[in-house]
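Asker: below are the sequence and a predicted model; questions follow.
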Amino acid sequence: MSGPIVRNYKSGSIVYFEKDKAEDIYVLQKGRVILTFTSVNGNELKEDVRLGEFFGVKSALGRYPREETAQIVGDASVLVFRINEFEKFVSNKTHLIIKMLKVFSSQLRQVHRQLREILGQGEARNASYELMNVAEVFYKNGNYDHAAYAFQQYIKHYPSGAYVKRAQELYDASSKHSPYPVNIQPLTYQQEGNGPSKLEEMLKAPATQPKLDASATLDPNSIPGIFQKAQTLMNANQLDEAGKLFQALASREDSTTQEDEKAVEKAVFHLGLVKFKKAAFDESFSSMSNYIKKYPKGSYLKECIYHLAMSSENLGEKEKAKTLYNKVTLLSPADDTMTSKAKAKMKELA
């Protein structure tokens, strides 16, 4: 399927039943849809879908069964996205992501409130936990860019929050498109400090286009500006275009600031990453080796060696891969996700 399709339904038709497998995301274009679901305290509830509103998003992105039944009232037209189409559609529409976060936050607060009422604990107001939960759902399902954005927002709006260390670790990993760490402890509810955060204030405000942050004011022709453009292209899976920019940056010798030098270093690493994503493992190995030669104490050293190991494994060079995975385990920090994955790979290749 090359894009979303329109489905027309007759009155009384069922779009999906509760417990159905979730594979599609829907937008109501015309008519009326009623969602019927059971609340935490066992009551049956009904909710109207507004024109232009998405439904079926959480279960589809979370890869779990439908939590409600969606039924047509009167004839209706619905736009249907496959999950990958939806992710591509919203990838550069931050205001839509914010709008969905608002909806998810509201729904999660309702669930928390109902649970706490049942337990006699009063009302809970913890948007920080809800944001972390949404971020981790994105991450677990391979939506790295959405996850990284949500973790970044947590760090920005809750710099002293209960989950800030976890958010930073998962942001670093998801922004590099590393798999969700298998050895991390499950996310558990923790009460934050009193008072609304910037995020909670933002979620109460009307959904508008977000203001550009300071990074958006970069000179697009500067070295950091070109790197930012290349990284955006890579995140949009436009690997050929991104690779050309990273290649040009990697050969720059006219850096005048620390920011320029750091952007060039990152470009050398990301050039190898782009080639790995394109399954050009020989070229990726060469690029990653070039990074280590130029930056033997660089910030991406451990990540580079890990990618050298993965490239060797993909090229069928088992012994070389084992040696490189072992080198990864010897680099600090000794308790991070990459070390755990390298150890698992060594056992797998033994």
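Answerer: On my side now, so go ahead.
Asker: element containing Phe227, please.
Answerer: In this assignment (DSSP states H and E), Phe227 forms part of helix 223-235.
Asker: extract the CA atoms of the helix or strand that comes right after that helix and return them as CSV.
Answerer: For helix 223-235, the following helix or strand on the C-terminal side (DSSP H and E) is helix 239-250. Provided in CSV are the C-alpha atoms of helix 239-250 (Å, rounded to 0.1, in the frame of the first residue of the first chain):
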residue,chain,number,x,y,z
LEU,A,239,19.9,8.1,3.6
ASP,A,240,21.5,9.0,0.2
GLU,A,241,21.0,12.7,0.8
ALA,A,242,22.1,12.5,4.4
GLY,A,243,25.2,10.5,3.5
LYS,A,244,26.3,13.1,1.0
LEU,A,245,26.1,15.9,3.6
PHE,A,246,27.9,13.8,6.3
GLN,A,247,30.6,13.0,3.7
ALA,A,248,31.1,16.6,2.9
LEU,A,249,31.2,17.5,6.6
ALA,A,250,33.6,14.7,7.4
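Asker: compute the inter-axis angle for the helix holding Phe227 and helix 239-250.
Answerer: 160 degrees (axes from the mean of the first three to the mean of the last three C-alpha atoms, to 10 degrees).
Asker: neighbouring contacts of helix 223-235?
Answerer: 91, 145, 215, 218-220, 239, 241-242, 245-246, 248-249, 252, 255, 259-260, 262-264, 266-267, 270, 273-274, 277 (C-beta atoms under 8 Å, 6 or more residues apart in numbering). From N, CA and C alone the C-beta is placed, and that goes for glycine too.
Asker: avg pLDDT for it?
Answerer: Helix 223-235 shows a mean pLDDT of 85.
Asker: same question, stretch 69-78
Answerer: For stretch 69-78, the per-residue pLDDT averages 90.
Asker: output it as CSV, nothing but the C-alphas.
Answerer: Only the C-alpha atoms of stretch 69-78 are listed here, as CSV (Å, rounded to 0.1, in the frame of the first residue of the first chain):
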residue,chain,number,x,y,z
THR,A,69,-15.4,-1.3,19.9
ALA,A,70,-15.7,1.3,17.1
GLN,A,71,-19.2,1.4,15.5
ILE,A,72,-20.6,3.6,12.7
VAL,A,73,-23.7,5.7,13.4
GLY,A,74,-25.2,6.8,10.1
ASP,A,75,-23.1,6.4,6.9
ALA,A,76,-19.5,7.4,7.4
SER,A,77,-16.1,7.8,5.6
VAL,A,78,-12.9,6.9,7.4
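Asker: give me the buried positions along that stretch.
Answerer: 69-72, 76, 78 (16 or more other C-beta atoms under 10 Å).
Asker: could you give the number of residues near Phe54?
Answerer: Around Phe54 there are 21 other residues, counting by other C-beta atoms under 10 Å.
Asker: what segments of the protein are strands?
Answerer: Ranges of strands in the chain, per DSSP state E, are 5-9, 14-16, 24-38, 44-49, 54-55, 69-82.
Asker: any idea how far Lys156 lies from Tyr180?
Answerer: Separation of Lys156 from Tyr180 (C-beta to C-beta, to the nearest Å): 22 Å.
Asker: who has more neighbours, those two?
Answerer: Taking other C-beta under 10 Å, Lys156 and Tyr180 do not tie; Tyr180 has more neighbours (17 against 13).
Asker: low-scoring pLDDT stretches of this protein, where are they?
Answerer: The chain contains residues with pLDDT under 70 at 1-2, 39-42, 91-126, 191-218.
Asker: dead centre of it: give me the residue that sits there.
Answerer: Ala147 (2.2 Å; C-alpha atoms, centre = their mean).
Asker: contact partners for it?
Answerer: 135-136, 138-139, 170, 174.
Asker: how near is it to Ala309?
Answerer: Going from Ala147 to Ala309 by C-beta to C-beta gives 24 Å.
Asker: and for Pro296?
Answerer: Pro296 is 17 Å from Ala309, by C-beta to C-beta.
Asker: the more surrounded of the two?
Answerer: Ala309 (27 against 8).
Asker: could you report the neighbour count for the residue nearest to the more buried one when sequence neighbours are not counted?
Answerer: Excluding the flanking residues, the one nearest Ala309 by C-beta to C-beta, 6 or more residues apart in numbering is Leu324, at 3.6 Å. Per other C-beta under 10 Å, the neighbour tally for Leu324 reads 24.
Asker: hmm, Ser312 and Leu324 touching each other?
Answerer: Yes: counting by C-beta atoms under 8 Å, Ser312 is a contact partner of Leu324 at 6.1 Å.
Asker: surely Thr69 and Thr38 touch.
Answerer: No: assessed by C-beta under 8 Å, Thr69 is found out of contact with Thr38, at 10.1 Å.
Asker: anything in contact with each of these two?
Answerer: Counting by C-beta under 8 Å, 6+ apart, the shared contacts of Thr69 and Thr38 are Glu18.
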